[in-house]
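*Asks:* fold the following for me, if possible:
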Amino acid sequence: MVVVETGIFASTSQVLRKAGSGVGVIGTAGCNDYLFQAESVINSNCRYNFSDNYAALNDDTKGVLCQAATDLAGIYAVAYDMSGYSSRIEAEDVINVLRDRALSSISLLKDKKVTDFIREV
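*Replies:* Alright, predicted model coming up:
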């Protein structure tokens, strides 16, 4: 059975790269679920539905969305199965780095001045 990657902002392979080699085998279907959840969290946090308007966004906005979505989905993947990391501390370090970047990206997307700047033509 072939599972199609369904993320709007990013792909499952990008999530797995961010989660690192220690992440357990969650498969494409698991990553698709994590991406969907991450994209919903971003849309809700920003109070703007980037998913429905994705085609109209410029590349800068898409880049920030990709970073935020893959960071959040990477956190979900690491938290789901930490058994492949050398220690729980190593897995938590990966989560901390991803969390900080996700929060930074979401902050950029929520900031009206930045949003107006990157949406201008």
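*Asks:* ranges for the strands of this structure?
*Replies:* Under the criterion DSSP state E, the chain carries no strands.
*Asks:* tell me how far the residue nearest to the spatial centre of it lies from Gly84.
*Replies:* For the chain, the residue nearest the mean C-alpha position is Ala69 (1.7 Å; Cα atoms, centre = their mean). Between Ala69 and Gly84 the computed distance is 22 Å (Cβ to Cβ, to the nearest Å). C-beta: built from backbone N, CA, C; applies to glycine.
*Asks:* Gln67 now?
*Replies:* Computed as Cβ to Cβ, the Gln67 to Gly84 distance reads 23 Å.
*Asks:* in terms of neighbours, single out the busier of those two.
*Replies:* Gln67 (22 against 15; other Cβ atoms under 10 Å).
*Asks:* for that one, which non-adjacent residue is spatially closest?
*Replies:* Nearest non-adjacent residue to Gln67, counting by Cβ to Cβ, 6 or more residues apart in numbering: Ser105, 4.8 Å away.
*Asks:* any buried residues in stretch 51-64, and which?
*Replies:* For stretch 51-64, a neighbour-count test (16 or more other Cβ atoms under 10 Å) marks 57, 61-62, 64 as buried.
*Asks:* so what's Leu35 closest to, chain neighbours aside?
*Replies:* Once flanking residues are discounted, Leu35 sits nearest to Gly7: 3.6 Å by Cβ to Cβ, 6+ apart.
*Asks:* got it, and Tyr85?
*Replies:* Of all residues not flanking Tyr85 in the chain, Gly22 sits nearest, at 3.6 Å (Cβ to Cβ, 6+ apart).
*Asks:* and that neighbour, what are its phi and psi?
*Replies:* Dihedral pair for Gly22: phi -80, psi -10, per degrees, to the nearest 10.
*Asks:* what about the helices in the chain?
*Replies:* Secondary structure of the chain (DSSP state H): helices located at 12-19, 27-46, 59-80, 88-110, 112-119.
*Asks:* in JSON lines: those, plus distance to Asp52 and mean pLDDT.
*Replies:* Shown next, in JSON lines, are the helices of the chain (distance: least, Cβ to Cβ, whole Å; pLDDT from 0 to 100):
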{"stretch": "helix 12-19", "distance to Asp52": "21", "mean pLDDT": "86"}
{"stretch": "helix 27-46", "distance to Asp52": "9", "mean pLDDT": "87"}
{"stretch": "helix 59-80", "distance to Asp52": "13", "mean pLDDT": "93"}
{"stretch": "helix 88-110", "distance to Asp52": "15", "mean pLDDT": "94"}
{"stretch": "helix 112-119", "distance to Asp52": "15", "mean pLDDT": "68"}
